[in-house]
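Q: sequence isn't available, so here's the structure alone:
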C-alpha cells in the first residue's frame, strides 16, 4: 500500500499524502485551488455534484484524473469531530486504505487535509454507474417516462419502463449477481460496513466475461463492522433490485454469499428486514414533497399557492398567473363534487386539472393530500398518474378553491377494456398484474376506499402488453398497516364494481385472488391436489378469503339496492 507522509503546502495547510498515488500532482507545484475555497469557476476545476455539507470536483494533473471532496460540516458537533480527526473525510480515507488491503476495487486515496474544512483527494477509476447502466440497457422508456432531476429510483423504472432483452455486450444477470455477492463477501473480510451501499455508488466496467465492480463512495463506512453488517448489505441490495429483477436473480446473489463466507442470514430474514428498512426509507422520500429541493418547489401566482414538481413548475406558474388555471380548458368529466378538465400549457405539454367544488376548511386541501399521496405511491413502485402540482386559494386562511394537476395517462377504464373482449391470455396477465399492484399498495400501508373499475386505467406498456394504473386518489388513505378486513373491503369494492359493469367472471376473480395472496415476487401457490380441490393450505386460505369477500359483497349489494330504492339504511 505504500507509505504516507505529511507535507505543508505553500499556504501552510497540512496534508497527508501517499506519494505513489500522488506522483503526477507532486511532480509539479502543489495546485493552488486545493488550498483555496473550491468553486466551479476555478481554472482546471469542474464541479461534479454538490450536496448538503459536501461538494465533489474533478481535476487533471500529469494526464491523470482526480476527484477532490470538499467537506463543510454544519453544526458544532460535526465540526468538533472533524477537528479531532473523526470527520467524514478522515473516515473515508481510513476505509479506502482498509478496502485496498482487503483486495477491494476502490479509488486510491491520494491526499487528505483535516481540521475544520476537510478535503479528500482520490484517483479516478473507470466505469459506469451501475444503476444508470442497468436502466439504460435492460429497460426501454415508455411514452410517459417523466424527467427526473437526479438518480432515477428503481421503483419509477418499474412503473415507467419495460424490461427488455439487453444488447449482446451487456453483462449477464448471473455474472452481476456473482459480482455483488463477491463484493458483500470482501466487505465482510475487510471488516467494513457500508450503510450507503447501493448501485449509485458502484461503478461497472469490462466486457465479455471480464467485469469489475468498484465502490466509489465510502464516506459513511464503519470499521470495525458492527454485528449484522452482512444482513444490512444484503438488505440494501434487495431494496434496490426487488422492483426490477426476478426472485431467482436475487436468490442467486444470496446463495453465492453463503458459499463464499460459509455463513450468512437466511433469505427470509433478508426479506423481512428489507420490509422494515423500507418503512423508514419511504418516510424520508415522502418528506421530499414537504420541502423545496431539486425535485419539488413552492408556487405562488395569480392568488394561488401550492407545490409543483420541478419540471412543471414554470409552466404551471404561468398557467396560474391568469387567475383561473382551468379557463379555456376542455371539459372531460363534470360531477357533483368535482370537475376534470384537460389544459394545454404554453411551452408544450398537457395536464388534467381536477377542481373540487366543495373546497372549505383550514386544513390541508384534498388536492395537496392527493399530490403527496400520488408521489408516495410512485416512490413505492405503484403505477398511478404522476401529480404535477397542487394549487390552493385561501381567504383569511380559509380554503376557497383547490386544483390538482396530473400528467395524462394513456389508456381506458378497466371496465371498458374488459368489455372489449380481450384475449384469454391478456385477461390472465391483467389479473396477475392488477393483483400485484394492489398487493404492493396494501403492503406499503395504503388503502383505497373508492376502488372501482373506472378508477383503474388499462394503459399500454409495450406493444400488446398492458398494465393497470391507479387514478383518482381522493379515497386513498395511509393506514401504516392495512388489516386483513380492510384489504378484503378494498377487494370487495372492486369485485362489486366489476359486477355492476357486467364484466366480472369467477375465473378471473379466482386467478386474481390467487396472485394477490402469493408472497411478493413468487408465483401463485398451488391450491389443488389431484382431484381434491382446496386440499392444500394455500387452497384453504384462498377459500377463507373468497368467503370473506363474498360476505362483504352481499352486504354491499344490499346497501346499494336499498340506496337505489330510497330505503334508509337500518
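A: Cool, the structure landed. The structure displayed is predicted, hence computed values, not measured ones.
Q: now do the lengthiest helix in the chain: which elements does it pack against?
A: Secondary structure assigned by DSSP state H gives helix 537-565 as the longest helix of the chain. Counting contacts by 3 or more CB pairs under 8 Å, 6 or more residues apart in numbering; DSSP states H and E, helix 537-565 packs against helix 484-500, helix 506-517. For every residue, glycine as well, the C-beta is placed using N, CA and C.
Q: doesn't residue 254 belong to a helix?
A: Yes: according to DSSP: H, G, I helix; E, B strand; the rest coil, the state of residue 254 is that of a helix.
Q: for it, grab the count of nearby residues.
A: Residue 254: 21 surrounding residues under other CB atoms under 10 Å.
Q: pretty sure it contacts residue 269?
A: No: Residue 254 lies out of contact with residue 269 (CB atoms under 8 Å); the separation is 10.2 Å.
Q: where do the contact lists of the two overlap?
A: Shared contacts of residue 254 and residue 269 (CB atoms under 8 Å, 6 or more residues apart in numbering): none.
Q: residue 428: what's it in contact with?
A: Going by CB under 8 Å, 6+ apart, residue 428 touches residue 511.
Q: quick check: buried residues in the host helix or strand of it?
A: Per DSSP states H and E: residue 428 is located in helix 424-443. Buried residues in helix 424-443, counting neighbours by 16 or more other CB atoms under 10 Å, are found at 426-443.
Q: and this structure, split by domain according to the record?
A: Per automatic domain parsing, the domain ranges recorded for the chain read 5-123, 128-288, 293-406, 413-565.
Q: and the third one, how far out from the chain middle?
A: What it means is domain 293-406. Centroid separation for domain 293-406 versus its chain: 23 Å, with CA atoms, centre = their mean, to the nearest Å.
Q: gap between the closest residue to residue 400 other than its chain neighbours and residue 343?
A: Excluding its sequence neighbours, the residue lying closest to residue 400 (CB to CB, 6 or more residues apart in numbering) is residue 393, at 5.3 Å. Computed as CB to CB, to the nearest Å, the residue 393 to residue 343 distance reads 17 Å.
Q: hey, where'd the strands end up in the stretch 301-450 of the chain?
A: 304-309, 330-334, 338-344, 350-356, 387-395, 398-406, 412-413, 446-448 (DSSP state E, counting those that start in this stretch).
Q: now the ones you listed in CSV, with distance to residue 35?
A: Listed next are the strands of the stretch 301-450 of the chain as CSV, based on distance: least, CB to CB, whole Å:
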stretch, distance to residue 35
strand 304-309, 40
strand 330-334, 61
strand 338-344, 54
strand 350-356, 50
strand 387-395, 46
strand 398-406, 49
strand 412-413, 64
strand 446-448, 52
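Q: report the residue spans of this structure with pLDDT below the cut-off.
A: Applying pLDDT under 70 to the chain flags residues 1-2, 10-11, 40-41, 73-86, 115-116, 462-465, 521-535, 569-570.
Q: how far away is the closest residue to residue 488 other than its chain neighbours from residue 500?
A: Counting by CB to CB, 6+ apart, the nearest residue to residue 488 once its immediate chain neighbours are dropped is residue 548, at 4.9 Å. The gap separating residue 548 from residue 500 is 20 Å, by CB to CB.
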